[in-house]
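Trainee: Build me a model:
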Amino acid sequence: MASDQTIERYKKFFDEADTDHSGQLTLDELTAALRRKGYADGDDKIKAMFDAVDDSGDRQISLDEYLKAMGAVPDKDHKAAAMRRVFREFDKNGDGQIDRSELAAIFVELGQHVSEEELSLIIKEADKDGSQTLSYEEFVNDIFVPSK
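Mentor: So this is what the prediction gives:
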């Protein structure tokens, strides 16, 4: 059973996704909300999820259907979506990469001073493809959640 706080988060998401305030989510509303929240699943996967959740078969998802389904979503999917949101916030120019200046800005936002030499070392360690930028995977695997 989800905690009251978790249920409230789910209800808030539902309300934000329900842009026409009908009390039901359409496939388009759900897809748009998931994209805004950082979920990267393809349209086919989202449609399959929508169809699985739509118990009544009316091509809409009620709050009850949604809350029932949310109990089945693995926590790792929510965490991955949150990480994509963080990445997009730091990717100021929206090119799908974090460059040296964006990485420096991250540390400034975190209240940490890093020298140019330290930035070079961080990029060298995390930049697996030699692009001098950090992809989402490099950022998550080597910067945000360093391996042991």
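Trainee: How far off centre is stretch 10-23?
Mentor: Relative to its parent chain, stretch 10-23 has a centroid offset of 18 Å by Cα atoms, centre = their mean, to the nearest Å.
Trainee: same deal with stretch 79-99?
Mentor: 9 Å.
Trainee: And stretch 11-30, by the same measure?
Mentor: On Cα atoms, centre = their mean, the centre of stretch 11-30 falls 18 Å from the chain's centre.
Trainee: What of stretch 41-49?
Mentor: In terms of Cα atoms, centre = their mean, the centre of stretch 41-49 is found 15 Å from the chain centre.
Trainee: ok, the nearest residue to Asp91 once chain neighbours are set aside - contacts?
Mentor: Leaving aside its sequence neighbours, Asp91 sits nearest to Ile98 (Cβ to Cβ, 6 or more residues apart in numbering; 5.6 Å). Heads up, the C-betas are built off the backbone N, CA and C, glycines and all. Neighbouring residues of Ile98 by Cβ atoms under 8 Å, 6 or more residues apart in numbering: 87, 90-91, 106, 133-134, 139.
Trainee: Out of those residues, which comes closest to Gly71?
Mentor: Nearest to Gly71 among the contacts of Ile98: Phe87, at 27.1 Å, using Cβ to Cβ.
Trainee: which regions of the chain lie under the pLDDT threshold?
Mentor: For the chain, the stretches with pLDDT under 70 are 1-2, 72-74, 78, 143-148.
Trainee: can you tell me which helix in it is longest?
Mentor: helix 75-90 (DSSP state H).
Trainee: domain assignment for the chain?
Mentor: Residue ranges for the domains of the chain, per automatic domain parsing: 4-73, 77-144.
Trainee: follow-up on the earlier one: report all helices and strands that the helix or strand following the longest helix of the chain contacts.
Mentor: Scanning forward in sequence from helix 75-90 by DSSP states H and E, the next helix or strand is helix 100-109. Helix 100-109 sits against helix 75-90, helix 116-126, with contacts defined as 3 or more Cβ pairs under 8 Å, 6 or more residues apart in numbering; DSSP states H and E.
Trainee: Just want the angle from the shortest one to helix 100-109.
Mentor: Inter-element angle recorded for helix 116-126 and helix 100-109: 110 degrees (by axes from the mean of the first three to the mean of the last three Cα atoms, to 10 degrees).
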